[in-house]
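Chemist: When you get a sec, could you give me coordinates for this:
(2 chains)
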There are 2 protein chains.
Amino acid sequence: MADRQENASGEDSLIARYFRPIATDPGAFNLDDDAAALTPSGDDIVVTTDAIVEGVHFLADDPPDTVARKALRVNLSDLAAKGAVPAGFVLTLALRDIDEAWLRPFAAALGEDARHYGCPLLGGDTVSTPGPLMISIAAFGRVPTGKMVHRHGARPGDRVMVTGTIGDAALGLAVLGGGKVHAAVNDPATRDLLIERYRVPRPRTALAEIVRDHASSAMDVSDGLAGDLTKLCDVSGVSAVIDLESIPLSAVARDLLSRGVIGIETLIAGGDDYEILCTVADNSVDAFAQAAQRAGVVVSSIGMVVAGAEAPKFLDGQGGEIVLKRRSYSHF
Amino acid sequence: MADRQENASGEDSLIARYFRPIATDPGAFNLDDDAAALTPSGDDIVVTTDAIVEGVHFLADDPPDTVARKALRVNLSDLAAKGAVPAGFVLTLALRDIDEAWLRPFAAALGEDARHYGCPLLGGDTVSTPGPLMISIAAFGRVPTGKMVHRHGARPGDRVMVTGTIGDAALGLAVLGGGKVHAAVNDPATRDLLIERYRVPRPRTALAEIVRDHASSAMDVSDGLAGDLTKLCDVSGVSAVIDLESIPLSAVARDLLSRGVIGIETLIAGGDDYEILCTVADNSVDAFAQAAQRAGVVVSSIGMVVAGAEAPKFLDGQGGEIVLKRRSYSHF
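Modeler: Model prediction:
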């Protein structure tokens, strides 16, 4: 055995110490193999993949536990919006070196989230990189055959609904940036809350089956509500009219907006919300809202799907159209 | 529509131009959605993920078409070794910028390989990075329930078998490095052949079902034959005795070895072979070899599984044990 331990590479040792203990699903084969297995259930397997890059999706000094949670949760958010129940994930981790002080809390938090959301680690790949840390996850969920909720499917007359509040994560990033938003938010607890919204998304897993039962179309809000709604309308071949005053905002977001510290674009084009945006037929809205409430999730109606090919309109309290300077975060 | 086009992000435009045309599987939903769907077939879904990083797994000046093929094929190689028939893949692409001259041949080659191997692009994520290019793929295959071939399962008395030739990819990397191997290989066609072996693996997809029918254990050789066999033996709880003279080598590898330009470690601890290493019960070896031959793949018996917990032994032509200076490539 001495030979073997001397031969065990850093990667193998890293997997044994940090990832094997959290890979408890039988389909992970104890991470002893080159692949994992998802057993058939008669359901469709929904597959999504999202990567986060240091300096782009998270900051170099974000705590490692929050980086782990964000990496998994941005994928869980996609599954929830598609009406899928989590089934597992595979992890690609690109590291500059093996930093135990970083890896230990990263793996522990990943394991906690995997258990909490019922989404076990099935396998992965650890590679070295001379560049920024990068975590890519492919996550799997199950829906009854053909029942995945799509971006297409929104119909004129449907209500546009969104979960939670919009813009807090973008404010959290702005607080971390140390500029005027940081200066305008004096209360440390409020600052921490906003930063937490940026660092640790809250995927709406509890809403997956409710979205599946009631929504005509859905997606998660990751690049900004305005831009993501534009994409949903585009694929559905419809337009929408949104009442800006109906968009659910936290008290601090509302305060910063009313004081002119930020414009509406900061909130609805900022991204990182990981709330569910969906459309619901008018006669299903009450049932949807009640089911969501029972699941502990607040949903708000923010407007209406309309016929047309133009980008969604955003109206102020007087019904006047607001021209947005930008609609979403773009990587390029 | 003008509004929409102005709002389309660089990422959306990139997807539309390069990746939508190659995502022709119905489960990809035209890349219009946040997720893909794999329909149930009653089979297990085998999942594997492998990433390649510029400067680590490929070189900055490798042609983009070869980078695309390598990214997909290292995953197809895993599926084949697990006995799985390809079903699709998702792609994470981390780019510094949108370089059309790079992306066009990258996407075209990826699409060609996806068609050739019957492994359609189902979805992905494109992100910006300030660091090296990185491509992470999660690939899916199908096997009858419970029939995935594992690293465990090798039994004393089984033959150790390997496909193709070993070490040519490592020689290709050495040729690109411009050192003594480059100097010792004078023939440009031979150089090109070795470089091609490094840049463009040849996954043994044709052997997947044959491995499933005959092998007691299997994995693909990615980090070096010696180290990968050590891993397989470790998980199987066995050891092995390998006859170095039986390891299949190309003519140029044999020549460089006999001239002392390289040691055996360059070939069997170098990695990037993407051949299948498997164990086959003695009474199945003939059937396995004949089926492989019908599939157009040469397989060689290189030794025997034996009881024991020590690392596999490598014997020279006189039956003496060779002590290897290293057994595999390690990232860390």
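Chemist: now do the same end-to-end measure for stretch A:192-206.
Modeler: Terminal residues of stretch A:192-206 are spaced 25 Å apart (Cα to Cα, to the nearest Å).
Chemist: Quick check: mean pLDDT of that stretch?
Modeler: With pLDDT averaged residue by residue, stretch A:192-206 scores 97.
Chemist: Also stretch A:75-94?
Modeler: 97.
Chemist: just how off-centre is that stretch within its chain?
Modeler: 10 Å (Cα atoms, centre = their mean, to the nearest Å).
Chemist: and residue A:38, how far is that from chain B?
Modeler: 4 Å (Cβ to the nearest Cβ, to the nearest Å). Backbone N, C-alpha and C define where each C-beta goes, glycine included.
Chemist: can you count the residues close to that residue?
Modeler: 20 (other Cβ atoms under 10 Å in any protein chain shown).
Chemist: so who does it touch?
Modeler: A:27, A:45, A:87, A:88, A:122, A:140, B:44, B:45, B:47 (Cβ atoms under 8 Å, 6 or more residues apart in numbering or on different chains).
Chemist: how close does the fifth one get to chain B?
Modeler: The reference is to residue A:122. Counting by Cβ to the nearest Cβ - residue A:122 and chain B are separated by 6 Å.
Chemist: nearest spatial neighbour of that residue, skipping sequence neighbours?
Modeler: Nearest residue to residue A:122 in three dimensions, chain neighbours excluded: residue A:36, at 3.6 Å (Cβ to Cβ, 6 or more residues apart in numbering or on different chains).
Chemist: Tell me which residue in chain A sits closest to chain B.
Modeler: For chain A and chain B, the shortest gap (Cβ to the nearest Cβ) falls at residue A:131, measuring 2.0 Å.
Chemist: Thought residue B:132 was touching that residue, still the case?
Modeler: Yes - in this structure, residue A:131 is within contact of residue B:132 by Cβ atoms under 8 Å, at 4.6 Å.
Chemist: List the residues that are in contact with both of those two.
Modeler: residue B:53.
Chemist: picking up where we left off before, reformat the contacts of residue A:38 into a markdown table and put distance to residue B:170, secondary structure and neighbour count next to each item.
Modeler: Shown next, in a markdown table, are the contacts of residue A:38 (distance: Cβ to Cβ, whole Å; DSSP: H, G, I helix; E, B strand; the rest coil; neighbours: other Cβ atoms under 10 Å in any protein chain shown):
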| residue | distance to residue B:170 | secondary structure | neighbour count |
| --- | --- | --- | --- |
| A:27 | 33 | helix | 21 |
| A:45 | 37 | strand | 26 |
| A:87 | 38 | strand | 24 |
| A:88 | 34 | strand | 25 |
| A:122 | 30 | strand | 29 |
| A:140 | 35 | strand | 28 |
| B:44 | 33 | strand | 22 |
| B:45 | 33 | strand | 26 |
| B:47 | 28 | strand | 30 |
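Chemist: so, if you compare those, which one comes nearest to residue B:212?
Modeler: Using Cβ to Cβ, the shortest approach to residue B:212 within those belongs to residue B:44, at 11.5 Å.
Chemist: so who does the closest one touch?
Modeler: A:37, A:38, A:39, A:40, B:142, B:143, B:144, B:145, B:146, B:147, B:148.
Chemist: Among those residues, find the one with the greatest number of neighbours, please.
Modeler: The most crowded member of the contacts of residue B:44, judged by other Cβ under 10 Å, is residue A:37 (28 neighbours).
Chemist: before we move on, back to that, residue A:131 and residue B:132 - which one has more neighbours?
Modeler: residue A:131 (22 against 19).
Chemist: Now for that one, which secondary structure element holds it?
Modeler: Assigned by DSSP states H and E, residue A:131 falls within no helix or strand.
Chemist: The host helix or strand of residue A:189 - contacts with which helices or strands?
Modeler: Residue A:189 is part of helix A:188-199, with elements assigned from DSSP H and E. Of the remaining helices and strands, those touching helix A:188-199 by 3 or more Cβ pairs under 8 Å, 6 or more residues apart in numbering or on different chains; DSSP states H and E are helix A:64-81, helix A:168-177, helix A:251-258.
Chemist: can you rerun that using 6 Å?
Modeler: The contact analysis (3 or more Cβ pairs under 6 Å, 6 or more residues apart in numbering or on different chains; DSSP states H and E) places helix A:188-199 against helix A:168-177.
Chemist: can you pull the pLDDT of residue A:332?
Modeler: pLDDT, residue A:332: 67.
Chemist: which residues does the residue nearest to residue A:122 bridge with?
Modeler: residue B:47 (DSSP bridges).
Chemist: Just give the number of residues close to it.
Modeler: 29.
Chemist: Name the nearest residue to the residue of chain A closest to chain B, sequence neighbours excluded.
Modeler: residue B:131 (2.0 Å).
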